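S.K.: starting from these lines, generate the structure:
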Amino acid sequence: MFFPSALWLSSAIAHDHLSVSPDLPMTEVVKLMSQAHKSYVLVVDADQLVGIFTERDVVRLTAAKTSWLEVAIATVMTTPVITLQESEATDVLVLLSRLWRYRIRHLPILDQRERIIGVVTRQSIREALKPAALLKARQIHEVMVSPVVAAPITTSVLQLSQLMHQHQISCVVLVQPEATNPAIAKPIGILTERDVVRLQAQNLDLAQTSVVAVINRPLHAIQPQASLWSAHEQMQQHQIRRLVVVGEAGELLGLVTQSSILQSLDPLELHPTLDALQQEVEARTQEMQQTNEKLQREIVERVKVEQTLQSQIAKEQLMSAIANHMRQSLHLDTILNTTVEEVRQFLQVDRVLIYRFESNGNSTVAVESVATDRMSIVGKMMEAAYFTKRCRQSYQMGQMQAIADVTQANLPSRYLHLLALLQARAALTVPILRGDELWGLLSAYQCGQPRQWQPLEIELLQQLSTQVGIAIQQAQLYQQLEVANQELRRLANSDGLTELANRRSFDEYLDKEWRRALRHRTPLALIMGDVDFFKRYNDCYGHLRGDRCLQQVAAVLRQTAKRPADLAARYGGEEFAILLPNTEDRGATLVATEIQTRIQTLRIPHAQSSIADYVTLSLGIACLVPRTGIAPTFLIAAADKALYQAKMAGRDRYLIYQESAQG
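M.R.: The predicted model follows:
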């Protein structure tokens, strides 16, 4: 590719877009655009992009001389908006193709949940490309726009707006005759769409406003022999999108714009690719035209079946709505419930449900939408006999079943029993495949009378079952990813031997609880524990028995740290820590006593201990209310000192750190 997509795309997307709600009055919108110096605003409702309004729209409405400033932006915005998914924005060719194909200047980029990431404009592409060598090799006269729409300086702003709208251009150059040679028109200024936005924000009467009185910027000009790189630098320096091209006598020759620069890039590589894209667009357009022509012929030939066409449109809307629900949710239950509810409303049937097959051939009614006067069977398990092996194999191959009248169909007795349970007179069933595996069935039932299922209805269920199958795969992959992420988080925060919190997790939790206790002025207790004479234990019994001993001690600590906020951790080697939020000395000593009692109950043999025949623990307790000026490490040091004192006092005991004794 011409550009490295991952690095280039980020710089080509402008993230400082301006967003407004649909009900904002246009007076406020225009003021916002003028103040922010933005050529567009995005209209957003509930985090979803619903419209766009640009400087060109301001010019169009101004030229029409309509009263539009007091209406809400939803009335005049462009909708729907041409957008691009972030996953599709692979390189510059894709972006340029979309801009040129639809003749737009703003291309919102959306994530997989249809939320706005940013906006690509011709200016942002130009700034991101920075192809100095290519631009330095080309001259202005090769790409400039000529002739240019110009007007005398006596023209009103309204007339200039109408001129811009008439020619679908973004600016008009203001000229006046040369004093010594009236045949030469010299440019003295330029009125752009942004100027019209600014003037509308000032609430001026544009029909009575002379352009000379409102232009407040100098005219930026360039010679035709200058390089495109010079134009690029001048545009960046002055934050403008166009330059006037003048001759040696100062006469107007043309315009060079951002589009001119973009279209000049690498014709040997960029243009052939765009030609290929254009050919593909034309081919697809031709295919669509052929499809539309065929549809028109069918409409002409089948005038009397207008209801069928309306149903087709409704089906597409339903498909789009359900597809949007599927994109917005990765939760399988939500997707399935939405599907059956929407299908029942569309088909106007009494019951729609989804069966899910088990490995033993049984099935469960996973979700159901049923009329209020019918019995619900959601959650009911269906025996394998209802759907025989041969029946499941048929569904596995993608076959569907449409029964217009169950009383006239030659059906197995067990299946008739199921249909009677469902009070069904007509049934339409399609398989749901997860890859090549039969996951379940999507079924619609008419209960009151027979029903001749229409091809459109059958097609709807088949298309929906395909989408549901894909959604099931996505949801299950998402669930697997969540489980994997939870396991990774557990492994990252746990000690591999004892499955207690590891040192890193302990330090993070201590820091968080310290800040919480500091805010709320609540006590925080820490118990540091150490297995007495553990080195001797390892030397005597071996490291495997030593590991088992640590695991047993860890189990005791886990059982003792009962509250959700308590945290037991392996601090290092044979040393452990228990953090007890909102706990004073008395509560901490109760926990320490319980720990030592449980350890003694285990009676883990320790022949090399100098104080007992079994494993014991020494504990140090520190409890304080955090205050400004001391760090969490102070609590650790205090508990560690109390632990040291407990060892010096004979081990197999706990001691409490006394802060007052330390000054």
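S.K.: what's the first helix or strand after the top helix by length along the chain?
M.R.: The residue-count maximum for a helix in the chain (DSSP state H) belongs to helix 455-493. Once the chain leaves helix 455-493, the next helix or strand it forms, by DSSP states H and E, is helix 503-520.
S.K.: so what does the following helix or strand past that next one touch, helix or strand wise?
M.R.: Where DSSP H and E defines the elements, the next helix or strand beyond helix 503-520 is strand 524-531. Here strand 524-531 is seen to pack against helix 503-520, helix 543-560, strand 575-581, helix 585-602, strand 617-624, helix 632-648 when contacts are counted using 3 or more CB pairs under 8 Å, 6 or more residues apart in numbering; DSSP states H and E. C-beta: built from backbone N, CA, C; applies to glycine.
S.K.: so what are the sheet partners of the shortest one and their directions?
M.R.: What that stands for is strand 575-581. Paired neighbours of strand 575-581 in the sheet (DSSP bridges): strand 524-531 (antiparallel), strand 567-572 (antiparallel).
S.K.: for those strands, which one sits closest to R516?
M.R.: strand 524-531 (8.6 Å; CB to CB).
S.K.: quick one: mean pLDDT over that closest one.
M.R.: In this model, strand 524-531 carries a mean pLDDT of 96.
S.K.: that strand vs helix 632-648, what angle?
M.R.: Note on geometry: by axes from the mean of the first three to the mean of the last three CA atoms, to 10 degrees, strand 524-531 and helix 632-648 are set 40 degrees apart in direction.
S.K.: strand 524-531 vs helix 543-560, what angle?
M.R.: Using the same axes, to 10 degrees: strand 524-531 against helix 543-560 is 150 degrees.
S.K.: just want the angle from strand 524-531 to helix 503-520.
M.R.: Using the same axes, to 10 degrees: strand 524-531 against helix 503-520 is 150 degrees.
S.K.: what distance separates strand 524-531 from the centre of its chain?
M.R.: Taking CA atoms, centre = their mean, to the nearest Å, the mean C-alpha location of strand 524-531 is offset from the chain mean by 44 Å.
S.K.: now stretch 97-105
M.R.: Worked out by CA atoms, centre = their mean, stretch 97-105 lies 24 Å from the chain centre.
S.K.: in it, which residues are buried?
M.R.: Neighbour counts over stretch 97-105 (16 or more other CB atoms under 10 Å) mark 97-100, 104-105 as buried.
S.K.: over to stretch 347-355?
M.R.: Buried-residue list, stretch 347-355, by 16+ other CB under 10 Å: 347, 349-355.
S.K.: with distance to T466, secondary structure and pLDDT added, can I get these in CSV?
M.R.: Formatted as CSV, the buried residues of stretch 347-355 follow (distance: CB to CB, whole Å; DSSP: H, G, I helix; E, B strand; the rest coil; pLDDT from 0 to 100):
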residue, distance to T466, secondary structure, pLDDT
L347, 17, helix, 88
V349, 20, coil, 93
D350, 25, coil, 93
R351, 22, strand, 94
V352, 17, strand, 94
L353, 18, strand, 94
I354, 14, strand, 93
Y355, 17, strand, 92
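S.K.: tell me the one among those residues nearest to Y644.
M.R.: Proximity of the buried residues of stretch 347-355 to Y644 (CB to CB) peaks at I354, which lies at 64.9 Å.
S.K.: contacts only, for the closest one.
M.R.: I354 is in contact with 336, 339-340, 365-368, 432, 440-443, 468, counting by CB atoms under 8 Å, 6 or more residues apart in numbering.
S.K.: redo that, cut-off 7 Å
M.R.: 336, 340, 366-367, 440-442 (CB atoms under 7 Å, 6 or more residues apart in numbering).
S.K.: among those residues, name the ones in strands.
M.R.: Within the contacts of I354, membership in strands is found for 366-367, 440-442, as judged by DSSP state E.
S.K.: identify the farthest-apart pair in these.
M.R.: V367 and L441 (11.9 Å).
S.K.: where do the helices sit along the stretch 201-350 of the chain?
M.R.: 211-214, 228-238, 258-263, 270-301, 306-328, 332-347 (DSSP state H, counting those that start in this stretch).
S.K.: circling back to that earlier point, distance to T560 and neighbour count added to the contacts of I354, as JSON lines?
M.R.: As requested, the contacts of I354 are exported to JSON lines (distance: CB to CB, whole Å; neighbours: other CB atoms under 10 Å):
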{"residue": "L336", "distance to T560": "44", "neighbour count": "23"}
{"residue": "V340", "distance to T560": "49", "neighbour count": "24"}
{"residue": "A366", "distance to T560": "43", "neighbour count": "20"}
{"residue": "V367", "distance to T560": "44", "neighbour count": "21"}
{"residue": "G440", "distance to T560": "47", "neighbour count": "25"}
{"residue": "L441", "distance to T560": "52", "neighbour count": "23"}
{"residue": "L442", "distance to T560": "52", "neighbour count": "24"}
